[in-house]
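S.K.: predicted model follows, preceded by the sequence.
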Amino acid sequence: MSYLNIQDEKLLPVVMDLNTLLADYHIYYQKLRTFHWNVLGKNFFDLHIQFEEMYNDAKVKIDEVAERILTLRHHPVSKFSDYLKISSLEEGNALVSDQDMVTELIGDHKKILAQMSEIIEKANSAGDEGTIDLIGAYIRELEKSSWMLNAWSKKAKEHLNVNELKTVKR
């Protein structure tokens, strides 16, 4: 007996894209661990803590995505070799600067967000409100994380020129 009110053939494209997202999150998680272990320099304390928070969040999302695939009556991809094949992300290099780590993560966020948009589109076509709800929340969270990493990577002078500030009159 089916507990879903969605035809299985309509769900297959959603499940395939969810498996790609699962692969992306596994590569992303391991990259965050690599960066957490290997960050050096004056930003060590800030980034070491930030990367740990981010990989803990990714770990939760990995489980939720896999469980969503199971809820849709399919099996999640579970071999790391398969993740490397289907992910749009590349493994991280431990020997890069803190600035390069952040830049690489922002680039990964862009790819993950694009994958999430694909999922939303296909889930919408399938009438899969559960997946839309799950991924919509992920998009909001990852956009905020991207904004924060981007703000960290900029020098205040790049975005703020006191002489250009305008006051608002009431």
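M.R.: All right, it came through fine.
S.K.: how much space is there between the closest residue to His48 other than its chain neighbours and Pro76?
M.R.: Excluding its sequence neighbours, the residue lying closest to His48 (CB to CB, 6 or more residues apart in numbering) is Val39, at 5.6 Å. Glycine gets a C-beta too; all of them are placed from N, C-alpha and C. Applying CB to CB, to the nearest Å, the value for Val39 to Pro76 is 30 Å.
S.K.: neighbour count for these two, which is higher?
M.R.: Each of Val39 and Pro76 has its neighbours counted (other CB atoms under 10 Å); Val39 has more, 21 against 18.
S.K.: got the phi and psi for the more buried one?
M.R.: Here is the backbone geometry of Val39 (degrees, to the nearest 10): phi -70, psi 140.
S.K.: go through stretch 149-156 and flag the buried ones.
M.R.: Using 16 or more other CB atoms under 10 Å as the test for burial, stretch 149-156 gives 149, 153.
S.K.: contact partners of that stretch?
M.R.: Residues outside stretch 149-156 that contact it (CB atoms under 8 Å, 6 or more residues apart in numbering) are 46, 99, 102-103, 105-106, 109.
S.K.: with stretch 18-28 instead?
M.R.: By CB under 8 Å, 6+ apart, the list of residues contacting stretch 18-28 from outside reads 58, 61-62, 65-66, 68-69, 72, 76-77, 80, 82-91, 108, 111-112, 115-116, 119, 131, 135.
S.K.: tell me, what's the model's pLDDT at the closest residue to Glu90 other than its chain neighbours?
M.R.: Distance criterion CB to CB, 6+ apart; nearest residue to Glu90, sequence neighbours excluded, is Ile27 at 7.3 Å. Ile27 carries a pLDDT score of 98 in this model.
S.K.: which element is Ile27 on?
M.R.: helix 8-38 (DSSP states H and E).
S.K.: Trp147 too?
M.R.: Judged by DSSP H and E, Trp147 forms part of helix 129-153.
S.K.: okay, how far is it across stretch 87-107, tip to tip?
M.R.: By CA to CA, to the nearest Å, the extent of stretch 87-107 from end to end equals 14 Å.
S.K.: what residue ranges in this protein score low on pLDDT?
M.R.: For the chain, the stretches with pLDDT under 70 are 1-2, 156-170.
S.K.: hmm, Arg73 and Leu4 touching each other?
M.R.: Yes: the pair Leu4 / Arg73 is scored as a contact, 7.0 Å apart, by CB atoms under 8 Å.
S.K.: so what sits against both of those two?
M.R.: Joint contacts of Leu4 and Arg73 (CB under 8 Å, 6+ apart) are Leu11.
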